[in-house]
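S.K.: Predicted model and sequence below, questions to follow.
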Amino acid sequence: MGDNDSPGRFERLQTVLRHLYFGHSERARWFRWALLTFDVTTVLFFIVATMIEHDRPYAVVNFVILGVLVLDFLARMIVANRPLRYLVTFGSLADLVVIGSLVAPLFLENLAFLRIIRVLRLLRSYHVLHELRGEFPFFRQHEEVIQSSVNLGVFVFLITAVVYVLEGHRNPAINNYMDALYFTVTTLTTTGFGDITMQDTLGRVVAVVIMVFGVALFLRLVQTIFRPQKVRYACPECGLNRHEPDAVHCKHCGHTLKIPTEGEW
């Protein structure tokens, strides 16, 4: 009897979890908003944790975060159509790194900053973007700028995490995450005050990579934020789908455009 009920219970659990993660009900929406809030709060906690003593309250919070991450990871495996394939996706590997860093804090604590990868994945998912578009007119009007700003923040955060993980225990000038963030921003912006410098070979290699590749990508992301916003509208003649907000003719073929507006322009 118990064995016969097990498959049915698993299917019911799978149905409930799929509704929470992918459903359109008010309950499902609040559940996903709670997950997103948890992700952002976790990122902030990991930042603050580099500047405080790791006492008993920290250990308790660390354990709670670990428990939620494990439950969320198992739930996502259950709702996945191919659980084994889900294990090798970018998002699941990032979660496994974070879970491992929380299980072995003495060795891998700094890698917890890679939690930001998960925030990016959730913010760019279809369901979250759909809810943001539906609930906030401001997001609909400035969606590209907001996404570019998020991408820029995530990029800086990840580069800072790499600097802190590799140099936090090597460089006496980098004592916490904010020190690493300060070095990263001054390097990316080519300011280079010189008060924090890399003193070992590995650190210098990281600095070279940031300067060669990071600066170019950083400037590209900044450009997408501050350049004039364009409207997505497919030209019926040539198919060009990005135009100036007040465009009357397509710049590619000259066809007359009738871009729908809400009166802002």
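M.R.: Received the coordinates, thanks.

S.K.: switch to C-alpha atoms for all contacts and neighbour counts from now on
M.R.: Fine.

S.K.: can you give me how far stretch 76-91 is from the chain middle?
M.R.: Its chain's C-alpha centre and that of stretch 76-91 lie 19 Å apart, by CA atoms, centre = their mean, to the nearest Å.

S.K.: May I have it as PDB, with CA atoms only?
M.R.: Taking Å, rounded to 0.1, in the frame of the first residue of the first chain, the C-alpha atoms of stretch 76-91 are listed here in PDB:
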ATOM      1  CA  ARG A  76      14.100  22.600  -8.900                       C
ATOM      2  CA  MET A  77      15.400  19.100  -9.600                       C
ATOM      3  CA  ILE A  78      12.000  17.700  -9.000                       C
ATOM      4  CA  VAL A  79      10.200  20.100 -11.300                       C
ATOM      5  CA  ALA A  80      12.900  19.700 -14.100                       C
ATOM      6  CA  ASN A  81      11.900  17.600 -17.100                       C
ATOM      7  CA  ARG A  82      15.400  16.100 -17.100                       C
ATOM      8  CA  PRO A  83      16.800  16.200 -13.600                       C
ATOM      9  CA  LEU A  84      20.200  14.800 -14.700                       C
ATOM     10  CA  ARG A  85      20.500  17.400 -17.400                       C
ATOM     11  CA  TYR A  86      19.500  20.100 -14.900                       C
ATOM     12  CA  LEU A  87      22.500  19.200 -12.800                       C
ATOM     13  CA  VAL A  88      24.900  20.300 -15.500                       C
ATOM     14  CA  THR A  89      23.200  23.700 -16.300                       C
ATOM     15  CA  PHE A  90      25.000  26.900 -15.400                       C
ATOM     16  CA  GLY A  91      22.400  27.900 -12.700                       C
END
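
S.K.: Flag the helix or strand of this protein with the lowest per-element mean pLDDT.
M.R.: Across the helices and strands of the chain, mean pLDDT, DSSP states H and E gives its lowest value to helix 105-108, namely a mean of 56.

S.K.: What residue spans form the domains of this structure?
M.R.: Domain assignment for the chain by automatic domain parsing gives 1-141, 149-229, 230-265.

S.K.: Thr160 contacts Asp179, correct?
M.R.: No. Thr160 lies out of contact with Asp179 (CA atoms under 8 Å); the separation is 9.1 Å.

S.K.: Give me the more crowded residue out of these two.
M.R.: Shown here are Thr160 and Asp179; by other CA atoms under 10 Å, Thr160 has more neighbours (22 against 16).

S.K.: Spell out which helix or strand contains the more buried one, please.
M.R.: Using DSSP states H and E, Thr160 maps to helix 143-167.
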